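Participant: coordinates only, sequence not included:
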């Protein structure tokens, strides 16, 4: 091993490099990077302490037959000042999500280097990743690289060249973009990389450092003991690239694997904070995703998040290591059997009453207030989908469904279902379309479908399991294609702008926020406002005089809050005759604003010393005027009765 160069000899060094590696990778092992590693070297002792605790916990589980448990709410998370109950309640300093991490729908993963390849060949990995169009790319310094010779250093070198937009990398990226476009022309008939220079800056770079359990291959402590690969990876990536990333407006993002406890997360937080202070960065500049791949971590998720504080931005999961960790955690329990994936299937049989088999939560106001918001949302979504389905089926079959009966029946069925611990349901557009398109028209078709489902649950579950999932997905795709109103696309140019706005708003909100109930409510509100705006100008009057010299205003259109201004502007008491009649035969008064407007007109005529008559008011309007008391002091003529059609339940 050799001492690192360029760091002076005032203080005894804590680390040393493998002989020859600094000369071969001087662009990676820069003086600044080595200084940071040296500054963070004391945290290697903390790392070894938590690794020793990890081994001790595993040993005690096997020795004492202990299962993994949650932390005591009254204790403090080790190496932090945060109480466990505060972490679970969210009483800690968290992180704002940076702009380039707010959309991470598609993330790719892979190394930034190829083994035993020259730089111009090896760096193609980075070019393919950054030109992929993925929202983020996790460059792997752990699983995909491990401790193979100097591949971890090749990884660091390639990332540094790419993020600095080195000429070598740009030449390689241009060639790779051309290759990708030639492939896409043959497959899609078009280019998939339109501007390769711009595309290089789209994908968020995420770096996966090696876990706390690993020692570095090329750096060790001066006493010959292993040194943390986590500290080496973090220092090399952040020190060598933080300026280029920040100049480009990008975040500094790490991906932390193999964390098992909040105490281990606290060690990571100390390392990141110390590095930020060493570089003069604001604490919290470095952001981290945590990979949950150990079952023990799932017992301390909120505590891990709190321990990482302003550095934490999200979780990810690793299924294979997680499954292995379950087996390891319960290896002492001879009664535990790892689940056989082939044996997992659809449970058959009828359920029992839920409240006889399970302990119910306390029937208190607090429980009701917790459940009520979700119940209202689920009920709203179910009713909306059922009524939309009924409307669609009515259009296809040219019939008229009973909306009230559908809603009440669905509610009673869901209450009954809940008593047996089942999920609520509603009418399904897909199944209904299949039923109708297959010739189903009467109640027999629905009853037959229900009986078939019951048979599947009770007896035919093994046969249903044989249907490939891909086939079921294909069926649902065909249902979606058949359900979509393709005719609306042809009518797009002729639709009112407000209708187009509501369609886009509801669809967009549902896709982005995953909340159909709120989306429909938003659409109703916008539609109502648009309706009010459109009908505000629809009120007008035909003006004439009768044989007695009275001036008659024959009103047309609705009188409500939006049309009040137009209504008031119609009348001019100063120039009108002494006797004025306002005829409401072709109009309706809908709200208090309309009453106030009538009162205002009456007062204007009263001040002018003229008499005002209201005629042909509906019963509903007279009731509104009666509730207003003496608000409107005018003569009421005998008026007709209007009736509204109702959808009664037989």
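Facilitator: Now that the structure is in, tell me what you want to look at. All figures in this text were calculated on a predicted structure; none of them were measured in a lab.
Participant: helices or strands up against whichever strand or helix holds residue 269?
Facilitator: Using DSSP states H and E, residue 269 falls within helix 262-279. Counting contacts by 3 or more Cβ pairs under 8 Å, 6 or more residues apart in numbering; DSSP states H and E, helix 262-279 is packed against helix 31-40, helix 43-64, helix 229-247, strand 252-256, strand 286-292, helix 301-308. C-beta here means a position set from N, CA and C on the backbone, and glycine is covered the same way.
Participant: Could you check those and tell me which one is nearest residue 333?
Facilitator: helix 43-64 (9.5 Å; Cβ to Cβ).
Participant: closest to residue 317 out of the helices and strands packed on helix 262-279?
Facilitator: strand 286-292 (5.1 Å).
Participant: Touching that closest one from outside, list them.
Facilitator: 95, 98, 101, 206, 208, 238, 251-259, 265, 268, 272, 275-276, 297-298, 301, 304-305, 308, 311-318, 322 (Cβ atoms under 8 Å, 6 or more residues apart in numbering).
Participant: do the same with stretch 230-247
Facilitator: 28-30, 32-33, 36-37, 40-41, 43-44, 47, 141, 152, 156, 159-160, 163-165, 205, 207, 209-212, 214, 216, 218-219, 251-252, 254, 268, 271-272, 275, 279, 281, 286.
Participant: end-to-end on stretch 116-123?
Facilitator: One end of stretch 116-123 sits 12 Å from the other (Cα to Cα, to the nearest Å).
Participant: Please identify the buried residues of it?
Facilitator: 119, 122, 123 (16 or more other Cβ atoms under 10 Å).
Participant: Out of the residues you listed, flag the one nearest to residue 69.
Facilitator: The closest of the buried residues of stretch 116-123, once distances to residue 69 are taken by Cβ to Cβ, is residue 122, at 46.4 Å.
Participant: just checking, the closest one touches residue 154?
Facilitator: Yes. Using Cβ atoms under 8 Å, residue 122 is in contact with residue 154, at 5.8 Å.
Participant: Mind listing the shared neighbours of these two?
Facilitator: With Cβ under 8 Å, 6+ apart, residue 122 and residue 154 have common neighbours residue 113.
Participant: So residue 585 belongs to a strand, correct?
Facilitator: Yes. Counting by DSSP: H, G, I helix; E, B strand; the rest coil, one finds residue 585 located in a strand.
Participant: Once you drop chain neighbours, what's closest to residue 480?
Facilitator: residue 430 (7.7 Å; Cβ to Cβ, 6 or more residues apart in numbering).
Participant: Next up, phi/psi of that neighbour, please.
Facilitator: Main-chain torsions, residue 430, degrees, to the nearest 10: phi -60, psi -50.
Participant: how deep is it tucked in, by neighbour count?
Facilitator: When counting by other Cβ atoms under 10 Å, one arrives at 15 neighbours for residue 430.
Participant: so how far is residue 488 from it?
Facilitator: According to Cβ to Cβ, to the nearest Å, residue 430 and residue 488 sit 19 Å apart.
Participant: Relative to the whole chain's centre, how far out is stretch 209-229?
Facilitator: A distance of 39 Å separates the centroid of the chain from that of stretch 209-229, by Cα atoms, centre = their mean, to the nearest Å.
Participant: Show me what the lengthiest helix in the chain is packed against.
Facilitator: Identified as the longest helix of the chain according to DSSP state H is helix 365-397. For helix 365-397, the packing partners by 3+ Cβ pairs under 8 Å, 6+ apart come out as helix 403-419, helix 429-437, helix 516-535.
Participant: which residues of the stretch 401-550 of the chain score low on pLDDT?
Facilitator: Within the stretch 401-550 of the chain, the stretches with pLDDT under 70 are 483.
Participant: So among the contacts of strand 286-292, which ones count as buried?
Facilitator: Looks like the contacts of strand 286-292 have 95, 98, 101, 206, 208, 238, 251-259, 265, 268, 272, 275-276, 297-298, 304-305, 308, 311-313, 316, 318, 322 buried, using 16+ other Cβ under 10 Å.
Participant: quick one: buried residues of stretch 373-384?
Facilitator: Buried, per 16+ other Cβ under 10 Å, within stretch 373-384: 379, 381, 382, 383, 384.
Participant: Please name the nearest non-neighbouring residue to the last one.
Facilitator: By that I understand residue 384. Distance criterion Cβ to Cβ, 6+ apart; nearest residue to residue 384, sequence neighbours excluded, is residue 520 at 5.3 Å.
Participant: For that neighbour, which residues are in contact?
Facilitator: Residue 520 touches 380, 384, 506, counting by Cβ under 8 Å, 6+ apart.
Participant: and those residues as TSV, adding distance to residue 537?
Facilitator: Below are those laid out as TSV (distance: Cβ to Cβ, whole Å):
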residue	distance to residue 537
380	33
384	31
506	26
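Participant: Which of those sits closest to residue 127?
Facilitator: The shortest approach to residue 127 among those belongs to residue 506, at 40.9 Å (Cβ to Cβ).
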